[in-house]
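[1] coords please:
(one chain, ligands or ions: 2)
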Amino acid sequence: MENISLAKHKIKILLLEGLHPSSVETLKAQGYNNIETLKTSLPENELIEKIKDVHFIGIRSRTDLNANVLKHAQKLIAVGCFCIGTNQVDLVAAKEKGIAVFNAPFSNTRSVAELVLGEILLLIRGIPEKSANAHRGVWQKSAIGSFEARGKTLGIIGYGHIGTQLGIMAENIGMRVQFFDIENKLTLGNASQVASLDKLLSTSDVISLHVPETASTQNMMGEKQLSKMKQGAILINASRGTVVDLNALTDALKSKHIGGAAIDVFPVEPKSNDEEFISPLRGLDNVILTPHVGGSTQEAQENIGIEVAGKLAKYSDNGSTLSAVNVPEVSLPEHTGRSRILHIHKNQPGVLTKINEAFAKHNINIAAQYLQTDEKIGYVVIDVETDDSNTAFDELKLIEGTVKTRLLH
Ligand SMILES: NC(=O)C1=CN([C@@H]2O[C@H](COP(=O)(O)OP(=O)(O)OC[C@H]3O[C@@H](n4cnc5c(N)ncnc54)[C@H](O)[C@@H]3O)[C@@H](O)[C@H]2O)C=CC1
Ligand SMILES: O=C(O)CCC(=O)C(=O)O
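    Ligands and ions are numbered 1, 2, ... in the order given. The predicted structure follows:
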């Protein structure tokens, strides 16, 4: 358990994976200057050493914040995932340690949708193969296997922020759009929701995956599902590498059952640009391979930097957990009072009573109190109109079930 009351210059921030400078600028504008930035992610042993000292960490998809790493993160207050996916963080372990995790749920979605649209147009014309041949000196001028996207059916798996934008753009170039999602979704444009994955697979000319990494999406495109796709259909995956069985896809491409593919994400990805990329798909001309760059545009990265750094600074400054993915969300007014105490505790009977008793005992009046709970933890924020809240703060730390406390002046 860590109990923290720090001046801003003592708050250490580590930003990994070459985040856009907008992240540092945003933090600095809020008065945070104790920032270390690294261009890459770190291997587990180095990460463990670094994380021992830091209060906030910023990562993208390549940093594995597993339970073992988090065990050493004694001072960590929050994690900023400067991306959408949070599967690289053990969210349960973070929650148990009272570490809030934030992400950027929208900022790179347009970039992914645009990339996928471009890949559809190239693959449906067989361009990757023709381009590879031209590089080898082979002139493959032919219309065989080359089609317009207009009038073809795009099947989207996962109709969320990315899937919906892709659907709208695809309709604008004349494609028919259908989707499969485990939730009932509002359909945009003329899209239609189909009742089963099998139906989507057997009736689409192009399939594009936009689901998160969960137990239900693990290998959701295996040999069986690939065999249900139309002869010569195209598969695109810019979601997560665990969603498609790449060996099965390689076989389906070699047998020409699948006409082409674009893959941006892989079950195992190089940790840095210096590491070799290994995949059974290497060398197949009808496959576009990209190094997990779906969301890597200047616009997206700049916006993500501002958004996530802003969330970290806000949580540090006033305790707001709005849009945190693993702890109860508390949206707080600006902290203008004398002191604000933040208390994360196990959600068990009696904790709140003891908190209130600690203030009563020291004759401290509570000006405002905000509370949210989930099944595992409670997060209570208490504003007091006194500078002398240290005595009550010290007592709060000792209440059974306390996970993390912070005092803001
Ligand atoms: N390649 C890249 O650089 C990027 C990849 N991503 C990946 O794309 C994923 C999707 O992003 P968003 O559209 O923003 O997420 P989202 O959360 O808005 O949408 C995901 C959709 O998938 C649906 N879904 C979940 N499990 C499903 C299942 N088993 N079968 C069918 N549908 C299912 C959900 O109901 C939801 O509608 C992210 O989770 C992330 O892993 C996101 C950004 C960049
Ligand atoms: O840009 C990145 O590092 C990761 C993008 C991504 O996959 C995400 O936002 O979930």
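[2] hey, which helix is longest across this structure?
    helix 298-318 (DSSP state H).
[3] now do that one: distance to the chain's middle.
    Centroid separation for helix 298-318 versus its chain: 14 Å, with Cα atoms, centre = their mean, to the nearest Å.
[4] anything in it near ligand 2?
    No. Contact of helix 298-318 with ligand 2 (Cβ under 6 Å from any ligand atom) is absent, the minimum separation being 7.4 Å. For the C-beta atoms, the positions are set from N, CA and C on the backbone; glycine is no exception.
[5] partner strands of the helix or strand that that helix is followed by and their direction?
    Per DSSP states H and E, helix 298-318 leads on to strand 339-346 as the next helix or strand towards the C-terminus. Looking at strand 339-346 with DSSP bridges, its partner strands are strand 377-384 (antiparallel), strand 402-408 (antiparallel).
[6] now the angle from the last one to helix 298-318?
    Spelled out, that is strand 402-408. Interaxial angle, strand 402-408 versus helix 298-318 (axes from the mean of the first three to the mean of the last three Cα atoms, to 10 degrees): 90 degrees.
[7] show me the contact partners of strand 402-408.
    1-5, 77, 96-99, 317-319, 335, 339-346, 351, 377, 389-390, 393, 396-397 (Cβ atoms under 8 Å, 6 or more residues apart in numbering).
[8] return the most buried member of the strands paired with strand 339-346.
    Of the strands paired with strand 339-346, the one with the most neighbours on average (mean count of other Cβ atoms under 10 Å) is strand 377-384, at a mean of 23.
[9] up against ligand 1, what does this protein have?
    Near ligand 1, when you scan the chain using Cβ under 6 Å from any ligand atom, you find 84-85, 108-109, 112, 157-163, 180-183, 210-214, 216-217, 238-240, 264-265, 292, 294-295.
[10] just the buried residues of those residues.
    Listed as buried from the residues of the chain next to ligand 1 are 84-85, 108-109, 112, 157-163, 180-181, 210-211, 213, 217, 238-240, 264-265, 292, 294-295; burial here means 16 or more other Cβ atoms under 10 Å.
[11] narrow the residues you listed to those in helices?
    Filtering those for helices - DSSP H - leaves Thr109, Val112, His161, Ile162, Gly163.
[12] now the helices for this structure?
    21-29, 44-51, 67-71, 91-96, 109-124, 127-135, 161-172, 197-203, 223-228, 246-254, 298-318, 351-361, 390-398.
[13] around ligand 2, which positions in this protein sit nearby?
    Applying Cβ under 6 Å from any ligand atom, we find that the chain lies next to ligand 2 at Arg60, Ser61, Cys83, Ile84, Gly85, Asn108, Gly295, Ser296.
[14] pull the most distant pair out of these.
    Farthest pair in those (Cβ to Cβ) is Gly85 and Ser296. Separation: 13.4 Å.
[15] so what's the residue count around Ala93?
    Using other Cβ atoms under 10 Å, the number of residues around Ala93 comes to 18.
[16] please apply the same query to the one 5 residues further on.
    Residues near Gly98, counting by other Cβ under 10 Å, number 24.
[17] still on that earlier bit, make a markdown table from the helices of the chain and add mean pLDDT to it.
    A markdown table is the format used below for those (pLDDT from 0 to 100):
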| stretch | mean pLDDT |
| --- | --- |
| helix 21-29 | 98 |
| helix 44-51 | 97 |
| helix 67-71 | 98 |
| helix 91-96 | 98 |
| helix 109-124 | 98 |
| helix 127-135 | 98 |
| helix 161-172 | 98 |
| helix 197-203 | 98 |
| helix 223-228 | 98 |
| helix 246-254 | 98 |
| helix 298-318 | 97 |
| helix 351-361 | 90 |
| helix 390-398 | 86 |
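[18] cool, thanks, talk later.
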